[in-house]
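Engineer: sequence and predicted structure below; questions after.
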Amino acid sequence: MAEEELQMEEGAKKSKLMIIIIIAVVILLGGGAAAYFLLGGEDDAAMAEGAEQMQMEGSETESSAPVKTGTALYVSIPNPITFNVPGTGRDRLVEIKVQLMVRGSDAEEKVKMHIPSIQGALNRAFSQANADDLITEAGKAAIRDNALKEVQKTLKDVAGKELVEQVLFTGFVMQ
């Protein structure tokens, strides 16, 4: 009887030891796999394909669009744009914080000088939206594109150039 209890204790100790070893191996393998995926680079074939595709796109864009040079800088609109939008169930209040991406410090200074005109353009663009569209990601992308067009149009009229490359929403609240 004592021998059976002793064998059961040894068996329990061995099974606990096996479980600990298995857990340690799983953790090590999981950590190694995570490190491989996070720190590992692309393979040579994928890199060559990406470079080839960039060359093809570069040759297409050289003739159709100007090359974007200069450091990307971000100009923050000081106050969030707040507006009401109609919806099917009820009207909603929307608040959007906006930053504008420009290239180069000259463009940054010109955009900062025309912030009131830009805010007016953003208000015009946002007033065309409705709550049902703003709920979806596609609706937000559409209003962002519309805002970019309005801002570029305004800056072309005021400063002579389309200085803004992107309109970015850094905050979006709809109630």
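Structural biologist: Yes, it's here.

Engineer: this structure: helices as residue ranges?
Structural biologist: 2-39, 44-64, 105-113, 115-126, 131-134, 137-159 (DSSP state H).

Engineer: domain parsing for this protein?
Structural biologist: Using automatic domain parsing, the domains assigned to the chain come out as 2-64, 72-174.

Engineer: before we move on, back to that, lowest average pLDDT across the helices of the chain?
Structural biologist: Here those differ in mean pLDDT, and the lowest is helix 44-64 at a mean of 44.

Engineer: dump the domains of the chain to JSON lines, plus mean neighbour count.
Structural biologist: For every residue, glycine as well, the C-beta is placed using N, CA and C. Formatted as JSON lines, the domains of the chain follow (neighbours: other C-beta atoms under 10 Å):
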{"stretch": "domain 2-64", "mean neighbour count": "10"}
{"stretch": "domain 72-174", "mean neighbour count": "16"}
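
Engineer: check what pLDDT the residue nearest in space to the middle of the chain gets.
Structural biologist: In the chain, the residue lying closest to the centroid (C-alpha atoms, centre = their mean) is L168, at 9.1 Å. Per-residue confidence at L168 stands at 93 (pLDDT).
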